[in-house]
Every structure is written in C-alpha cells, then in structure tokens.
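S.K.: Predicted structure and sequence below. I'll ask about it afterward.
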Amino acid sequence: MKRHIIKLVLVLTILGFTATNIFAQEMIQIKGSDTLINLVQKLSEVYMEKHPGEYIAITGGGSGTGIAALINGQCDIANASRDIKEKEVAQARERNVDPKSVVIAIDGLSVIVNKSNKTDKLTVGQIGQIFRGEIRNWKDVGGQDSPITLYGRQSNSGTYIFFMEEVLKGDYSNKMNHMNGNAQIVEGVKHDATGIGYVGVGYVKEVKGINILKVASAPNGYYSSPLNTQDVKSGKYPISRTLNQYVNGSPKGKVKAFIDFELSAEGQKIVEEEGFFPVSNIELHSK
C-alpha cells in the first residue's frame with residue numbers, strides 16, 4: 001500500500017500538485033540528488049511500512065535543486081551527492097536556515113565504458129583529460145582506434161560538480177552529452193561502443209552491456225574498482241565520496257525519526273542492498 005502512495009505522490013508532484021496539498025503537515029518532503037533518489041525511495045518505502053500513517057514524498061532534479069528547496073523552505077530534507085557550497089550556506093543563513101548535513105552512504109563514483117571496449121583501466125589524470133576533451137581517441141589510452149564519446153550529467157547535478165572539481169579540475173568538453181540522470185548515462189554507454197560515462201556505483205552493479213573501469217591516482221599507482229568495498233571506504237579507490245542529506249538545524253520529530261532509521265542497522269543494510277556502501281561513523285554538522 002505504501003509503495004502505491006509514494007508513486008502517487010511522485011506522479012502528482014510532476015503534475016503540479018504539492019505534497020502539502022495532499023497530506024498537509026503529515027508529509028516529509030525530500031528533494032534533490034538523482035544519485036540518491038532510488039536509495040531514499042527504498043528507505044522510505046520500508047520506513048512507511050513500519051510506521052503506518054506516516055508519508056514521505058521524494059523528487060529528484062539534482063543536488064542543487066534539493067539544496068535550493070531547503071533554503072527556500074520547500075522541503076524538509078535535501079539529498080545531495082556533493083557538499084553544500086559556501087554561497088549556498090550564505091544564502092541559507094540570510095533566510096535563517098541553518099544547513100546541517102548527515103552522511104547516509106558512501107559511493108564509489110564509477111567510470112563506465114561499453115562492453116566491447118577493451119580498455120579496462122585509466123588513471124584519474126587520463127579520465128580528466130578525456131572529459132576535458134584533450135584526449136579524443138581511445139588509441140591514446142591503449143584502446144582501439146576510435147573517437148571517444150562523452151556522457152555526463154547536467155550542471156545542476158552534484159555528481160557533475162564533484163566529478164568536475166575532483167577529477168577534471170577544469171571545464172568539461174563542449175562535446176559532452178549532458179544526460180538527466182545516472183540511468184540515462186548507463187543506457188547511453190550500453191548502446192555506444194565509443195562511449196564513456198560516470199555514475200554512482202549503485203547504478204552499475206550487475207548491469208549488463210558495460211564495463212566498470214579500474215582507476216588509479218597515478219600511472220604507477222594501485223588500480224582499484226569501485227566495487228571493492230574496502231578500497232572505497234579506505235580511500236584507496238580514488239573517486240569515492242559521501243552521499244549526504246541536508247536539514248535545517250538539528251532534525252526533530254518525524255524528520256529525525258526517518259534519519260535515525262536510515263542510519264540504523266536495518267537502514268544501512270538497505271544501503272548495501274541498493275548497491276552503495278554503509279557508513280560507520282556518522283557526524284551531523286554545520287557546513
């Protein structure tokens with residue numbers, strides 16, 4: 001029953017009806033990261049099954065969308081696959097919003113290629129050069145003689161920003177295909193023998209038609225897979241990150257109860273089942 005309710009809320013939201021019009025003050029509203037949307041939807045479904053009469057509405061749109069909604073008082077929780085920016089903190093405090101974060105999962109951001117591509121590993125530097133448009137042919141990184149096709153996210157995505165700041169350390173190529181979400185990138189690469197993209201690890205486990213590259217910090221370094229739990233949590237896999245939720249001040253009431261569930265043993269088991277990595281030490285803090 002609760003699964004039908006959450007799907008109804010998503011449909012009504014798309015059609016322009018707000019969650020507060022449907023269930024008034026009983027609804028927890030969560031907006032933001034597309035990387036987190038499937039995970040948090042699953043967490044919400046299980047939570048509502050355990051707590052009859054409580055409802056949660058979840059929409060995506062990207063980390064920036066979620067953080068803006070929190071700042072403008074339009075949601076209770078903002079899902080974000082990146083840290084909040086200083087200018088967003090300043091905007092929040094101008095509106096008497098105190099953004100605090102909690103880490104609910106760890107992600108090994110995965111670089112994927114088509115199954116037919118023989119390239120199996122790259123350095124962070126090579127990946128940056130590829131997405132900046134400086135390396136344009138697979139033969140330049142030991143692959144076949146064919147052009148490289150780039151698949152990335154829209155600029156409102158936390159993944160887009162994280163990848164740009166931590167991997168590219170510069171601007172994306174203007175030739176990159178800007179996709180609306182992780183699933184679209186996976187589908188694009190699956191059907192493009194020359195494609196390369198980046199997605200959250202929860203979107204690539206057991207997916208057919210793609211290869212997940214091993215990545216090293218330097219040419220003579222240790223090449224690791226984002227599927228290696230210990231390497232991701234220890235930082236040996238060089239493109240790992242935290243997946244965050246932002247709230248206004250210390251969470252209370254229904255919001256606190258839901259976050260407590262996400263961080264519980266049961267909630268963290270769901271994190272693993274959805275393909276991400278659980279967190280061990282949780283810290284709630286202001287930016």
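M.R.: Cool, the structure landed. Numbering: from 1, shown residues only.
S.K.: Tell me where this structure has strands.
M.R.: 27-32, 55-61, 77-80, 99-108, 110-114, 121-123, 149-153, 177-179, 195-199, 210-212, 214-216, 240-248, 285-286 (DSSP state E).
S.K.: got a list of what the residue sitting nearest the centre point of the chain touches?
M.R.: The residue lying closest to the centre of the chain (CA atoms, centre = their mean) is Thr35, at 2.8 Å. Thr35 makes contacts with 81, 107, 158-159, 182, 199-200, 202-203, 243, as judged by CB atoms under 8 Å, 6 or more residues apart in numbering. (Glycine included, C-beta is placed from N, CA and C.)
S.K.: next one: Leu243
M.R.: Applying CB under 8 Å, 6+ apart, we find Leu243 in contact with 33, 35-36, 39, 79-81, 103-107, 200, 276.
S.K.: Compare those residues and tell me which is most surrounded.
M.R.: Highest neighbour count within these: Thr35, with 33 neighbours (other CB atoms under 10 Å).
S.K.: Against Pro52, how distant is that residue?
M.R.: The spacing between Thr35 and Pro52, counted by CB to CB, to the nearest Å, is 29 Å.
S.K.: In helices, which of the contacts of Thr35 appear?
M.R.: Within those, residues falling in helices by DSSP state H are 158-159, 182.
S.K.: top of these by neighbour count?
M.R.: Gly158 (28 neighbours).
S.K.: quick one: that one and Gly62 touch, right?
M.R.: Yes - the criterion here is CB atoms under 8 Å, and Gly158 meets it with Gly62 at 6.7 Å.
S.K.: what do these two both touch?
M.R.: In contact with both Gly158 and Gly62: 32-33, using CB under 8 Å, 6+ apart.
S.K.: Might you list the low-confidence residue ranges for the stretch 1-150 of the chain?
M.R.: 1-25 (pLDDT under 70).
S.K.: List the contacts of Tyr203.
M.R.: Contacts for Tyr203 (CB under 8 Å, 6+ apart) come out as 35, 110, 182-183, 186, 275.
S.K.: picking up where we left off before, what's the closest of the ones in helices among the contacts of Thr35 to Gly133?
M.R.: Nearest to Gly133 out of the ones in helices among the contacts of Thr35 is Thr159 (CB to CB; 18.9 Å).
S.K.: how about that closest one, what does it touch?
M.R.: 33-35, 63, 81-82, 109, 153, 182, 198-200.
S.K.: Let me know the pLDDT of the residue nearest to Gly128 when sequence neighbours are not counted.
M.R.: Nearest residue to Gly128, sequence neighbours excluded (CB to CB, 6 or more residues apart in numbering): Leu168, at 4.7 Å. pLDDT recorded at Leu168 is 97.
S.K.: Settle this for me: Val215 is touching Val111, isn't it.
M.R.: Yes - assessed by CB under 8 Å, Val215 is found in contact with Val111 at 6.3 Å.
S.K.: if I look at the two, which residues touch both of them?
M.R.: Common contacts of Val215 and Val111 (CB under 8 Å, 6+ apart): 122, 127, 239.
S.K.: Using CSV, lay out those together with neighbour count and distance to Gln268.
M.R.: CSV is the format used below for the shared contacts of Val215 and Val111 (neighbours: other CB atoms under 10 Å; distance: CB to CB, whole Å):
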residue, neighbour count, distance to Gln268
Leu122, 24, 31
Ile127, 22, 30
Ile239, 22, 22
